[in-house]
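Visitor: when you get a sec, could you give me coordinates for this:
(one chain, ligands or ions: 1)
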Amino acid sequence: MGGEFIKPIAKLGGQIRVPGDKSISHRAALFGGMAHGETHVTNFLLGQDCLSTLRCLKQLGVSWERKDTEVWIRGEGMESWQEPADVLDAGNSGTTFRLMLGALAGSPFTITMNGDESLRTRPMRRVTDPLKQMGAQIMGRQGDNLAPITMRGGQLEGQAFKTSVASAQIKSAIILAGIRAKGETSVEEPLLSRDHTERMLRGFGVDVQSRNTLVKVQGGGRLQGQGVSVPGDISSAAFFLVLGSLVRQGEIFLPNVGINPTRTGILDALMAMGADIEILDEAEICGEPRATLRVRPAQLRGTEISGDMIPRLIDEIPVLAVAASLAEGETLIKDAAELRVKETDRISTVVKGLQALGVKAEELPDGMRIQGQRTLLGGQASSLGDHRLAMAWAIAGLLSQEGVSVENMAAADVSYPDFLTVIKKVAG
Ligand code: S3P
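Guide: This next block holds a predicted model:
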């Protein structure tokens, strides 16, 4: 097996400015396209996922311009959206796919959405069912569950939904459709998922009410274009939080990282494991809190990660599993069956990847059990096209004794295009 060889490092230091938050970048682009007037986004993530959202908007007739990480969107309201001449391609992005469906459910024309090989296996009935109940006509493979999915939007009626999984994509799709529906739409989740949609919509002037796990929106709201400053992505910072905790020497500063409480499970989990992380210079901009994170090496202990912590760190589990492999004792991750329907089945792919690197790890139906060990020998691992796996295995390589060769490292482009350059820089 070829791949990108990531050699071990003993120390690192300095400052790493992680790219813009993926969830927030998607929403800034989409809401800008739904709004009236100009939306100016700074620190937009140039990952393939967010570029897919921008491309879909262009196909709907929304005009925007981008210069590096700055995007100007000239919104003329959702009424101005036109039936696209071709299939909307969400690439690898579940967020593009599900949020676009929600936003388009009230448009009186027909669209077909598709995605890459991974996205075409991911469950969509979780959004197509509620959108159909609100009045959209939807057809897709396997009982309207799998892409390609075709939808004819139209008059929507507000509804009250209770979801069985905590998912910001489901919640957001329903809220976005709710803005265009008659009457009130509400969503109640079993546990609170990330709330960027609620926060940003308020900034765009929409009356979104939320209390604990219940969100309500009134139909007929109008979005007004805004300035959006995107914080650094804590899901990208997570790789350096783990690296900085387990490297032998050095101190890293991560400025301007988003610390929205629905996303900070990684900080809580690592601190419970004994990590030395400090949160400095806290500020709130555009409704989203952010801070500089300082991380220093520490001896980590195994822990249990479960319950309402899971939605707060769901995307960080691959790299947390790497941390658990080098912690003292056992780590148990449960209540995380959602991992099975991410870009890959991350219970199976993470456990198999760790095993390939010589770690004792066991698959559970809703999580995994990992035995920590003193050292990680290294070896070969594949991203299987999953961006978070690519980066988790690269971190394992930096922390290993003999290095790790990561097959399809380029998958990292989905959320962190410069990752390898940064890694090469920190590795000297
Ligand atoms: C996201 C929500 C989460 C997360 C994904 C981004 C979002 O997915 O895993 O990477 O931007 O809303 P679910 O909503 O399916 O849990």
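Visitor: which residues of this structure fall in helices?
Guide: Along the chain, counting by DSSP state H, helices occupy 22-34, 48-59, 94-104, 125-134, 141-144, 168-179, 196-203, 234-246, 265-272, 317-325, 346-356, 387-399, 419-426.
Visitor: assess the claim that E362 and M368 are in contact.
Guide: Yes. E362 is within contact range of M368, at 6.5 Å (criterion: C-beta atoms under 8 Å). No exception for glycine: its C-beta is placed from N, CA and C like everyone else's.
Visitor: distance check, V359 against D86.
Guide: In this structure, V359 and D86 are 45 Å apart, going by C-beta to C-beta, to the nearest Å.
Visitor: joint contacts of E362 and M368?
Guide: The contact sets of E362 and M368 overlap at V351 (C-beta atoms under 8 Å, 6 or more residues apart in numbering).
Visitor: who's more crowded, the two?
Guide: Neighbour count, other C-beta atoms under 10 Å: between E362 and M368, M368 has more, with 24 against 14.
Visitor: tell me who's in contact with that one.
Guide: Neighbouring residues of M368 by C-beta under 8 Å, 6+ apart: 321, 332-333, 347, 350-351, 361-362.
Visitor: ok, and which of those reach the ligand?
Guide: Among those, no residue sits close to the ligand (C-beta under 6 Å from any ligand atom).
Visitor: up against the ligand, what does the stretch 151-300 of the chain have?
Guide: Looking at the ligand, the residues of the stretch 151-300 of the chain close enough under C-beta under 6 Å from any ligand atom are 167-169, 172, 193-194.
Visitor: on that earlier part again, out of the contacts of M368, who's the most crowded?
Guide: Highest count within those by other C-beta under 10 Å belongs to V350, 28 neighbours.
Visitor: R202 against V208, yeah?
Guide: Yes. Taking contacts as C-beta under 8 Å, R202 lies within contact range of V208: 5.6 Å.
Visitor: so the two - more neighbours on which side?
Guide: Per other C-beta under 10 Å, whichever of R202 and V208 has more neighbours is V208, with 20 against 14.
Visitor: does the more buried one touch M200 like I think?
Guide: No. Taking contacts as C-beta under 8 Å, V208 lies outside contact range of M200: 9.4 Å.
Visitor: farthest-apart pair in the contacts of M368, please.
Guide: Within these, two members stand farthest from each other by C-beta to C-beta: L332 and V350, at 13.9 Å.
Visitor: that older thread, and of the helices of the chain, who's closest to D308?
Guide: Closest to D308 of the helices of the chain is helix 265-272 (C-beta to C-beta; 8.8 Å).
Visitor: counting by contacts, list what that closest one packs against.
Guide: helix 234-246, strand 276-285, helix 317-325 (3 or more C-beta pairs under 8 Å, 6 or more residues apart in numbering; DSSP states H and E).
Visitor: in CSV: those, plus mean pLDDT.
Guide: Listed next are those as CSV, based on pLDDT from 0 to 100:
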stretch, mean pLDDT
helix 234-246, 98
strand 276-285, 98
helix 317-325, 98
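Visitor: TSV please, covering these and showing distance to T163.
Guide: Output for the helices and strands packed on helix 265-272, formatted as TSV (distance: least, C-beta to C-beta, whole Å):
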stretch	distance to T163
helix 234-246	22
strand 276-285	28
helix 317-325	21
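Visitor: for A394, give me its contacts.
Guide: Residues near A394 by C-beta under 8 Å, 6+ apart: 4, 6, 239, 404, 406, 409, 412, 419-420, 423.
Visitor: oops, could you answer that again for L254 instead?
Guide: By C-beta under 8 Å, 6+ apart, L254 lies in contact with 15-18, 232, 237, 240-241, 292-295.
Visitor: turn those residues into JSON lines, columns for neighbour count.
Guide: Below are the contacts of L254 laid out as JSON lines (neighbours: other C-beta atoms under 10 Å):
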{"residue": "Q15", "neighbour count": "11"}
{"residue": "I16", "neighbour count": "22"}
{"residue": "R17", "neighbour count": "14"}
{"residue": "V18", "neighbour count": "26"}
{"residue": "G232", "neighbour count": "26"}
{"residue": "A237", "neighbour count": "29"}
{"residue": "F240", "neighbour count": "24"}
{"residue": "L241", "neighbour count": "27"}
{"residue": "T292", "neighbour count": "18"}
{"residue": "L293", "neighbour count": "26"}
{"residue": "R294", "neighbour count": "18"}
{"residue": "V295", "neighbour count": "24"}
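Visitor: any low-confidence regions in the protein?
Guide: Low-confidence segments of the chain (pLDDT under 70): 1-2, 427-428.
Visitor: residue contacts, D68?
Guide: Counting by C-beta under 8 Å, 6+ apart, D68 touches L46.
Visitor: returning to that earlier point: just the contacts of L254: which are in strands?
Guide: 15, 292-295 (DSSP state E).
Visitor: return the nearest residue of the stretch 1-150 of the chain with respect to the ligand.
Guide: Taking C-beta to the nearest ligand atom, the ligand has its nearest neighbour within the stretch 1-150 of the chain at S23, 3.2 Å off.
Visitor: thought that residue was touching A168?
Guide: Yes. The criterion here is C-beta under 8 Å, and S23 meets it with A168 at 7.0 Å.
Visitor: any shared contact partners between these two?
Guide: Shared contacts of S23 and A168 (C-beta under 8 Å, 6+ apart): 194, 196.
Visitor: more crowded one of these two?
Guide: For S23 and A168, the more surrounded residue by other C-beta under 10 Å is S23, and the numbers stand at 29 against 25.
Visitor: could you find the closest non-adjacent residue to that one?
Guide: H196 (5.1 Å; C-beta to C-beta, 6 or more residues apart in numbering).
Visitor: ok, I277 next?
Guide: Nearest non-adjacent residue to I277, counting by C-beta to C-beta, 6+ apart: V295, 5.1 Å away.
Visitor: ok, the one you found touching S245?
Guide: Yes. The criterion here is C-beta under 8 Å, and V295 meets it with S245 at 6.0 Å.
Visitor: residues shared between the contacts of the two?
Guide: Each of 275-277 lies in contact with both V295 and S245 under the rule C-beta under 8 Å, 6+ apart.
Visitor: domain ranges for this structure?
Guide: 4-20+231-426, 22-229 (automatic domain parsing).
Visitor: rewinding a little: quick one: which of the shared contacts of V295 and S245 has the most company?
Guide: A275 (24 neighbours).
Visitor: tell me the contacts of that one?
Guide: Listed by C-beta under 8 Å, 6+ apart, the contact partners of A275 are 241, 245, 295, 298, 300.
Visitor: neighbours of L191, how many?
Guide: Look at L191: counted by other C-beta under 10 Å, it has 18 neighbours.
Visitor: pull the contacting residues for the closest residue to it other than its chain neighbours.
Guide: Spatially, and ignoring its direct neighbours in sequence, L191 is nearest to A166 (4.0 Å; C-beta to C-beta, 6+ apart). Residues in contact with A166 (C-beta under 8 Å, 6+ apart) are 189-193, 213, 310-311, 338.
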